[in-house]
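>>> Dropping a prediction and its sequence here:
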Amino acid sequence: MTFENKLVALVNEKIEVGVAMNAIAHMTLGLGSSISPELLRLETGNTYPNISQMPFIILRGTSNEIRKAVKAA
């Protein structure tokens, strides 16, 4: 399956995993509240209606690597 859009989170590798996952969760909630279910490819008719068909890629890196990735995106 191919996707026109991708979900990607970039977190500083120096941040503790629990704190990073909490930040990703808050970011995802904000994103979900501002984007349509169709664009996020949510499974609206199934048992789990808010699960996206798209993979969610989570990457770790240094501040400099994250800055470069954001500029490239």
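It's in.
>>> Give me the helix or strand of this structure that scores worst on average pLDDT.
Between all helices and strands in the chain, the lowest mean by mean pLDDT, DSSP states H and E belongs to helix 17-34, at a mean of 82.
>>> now whichever helix or strand comes after it, how far from the chain's geometric center?
Sequence-wise, the next helix or strand downstream of helix 17-34 (DSSP states H and E) is strand 56-61. With CA atoms, centre = their mean, to the nearest Å as the basis, strand 56-61 stands 8 Å off its chain's centre.
>>> just checking, what packs against strand 56-61?
Under the contact criterion of 3 or more CB pairs under 8 Å, 6 or more residues apart in numbering; DSSP states H and E, strand 56-61 touches strand 7-12, helix 17-34. In this view, the C-beta of every residue, glycine as well, is placed from N, C-alpha and C.
>>> which one of the ones you listed lies closest to residue 52?
For residue 52, the closest of the helices and strands packed on strand 56-61 is strand 7-12, at 6.8 Å, according to CB to CB.
>>> Let me see the mean pLDDT of the closest one.
Average pLDDT, strand 7-12: 88.
>>> Please work out which residues outside it touch it.
20, 23-24, 27-28, 40, 52, 54-63, 66, 69-70, 73 (CB atoms under 8 Å, 6 or more residues apart in numbering).
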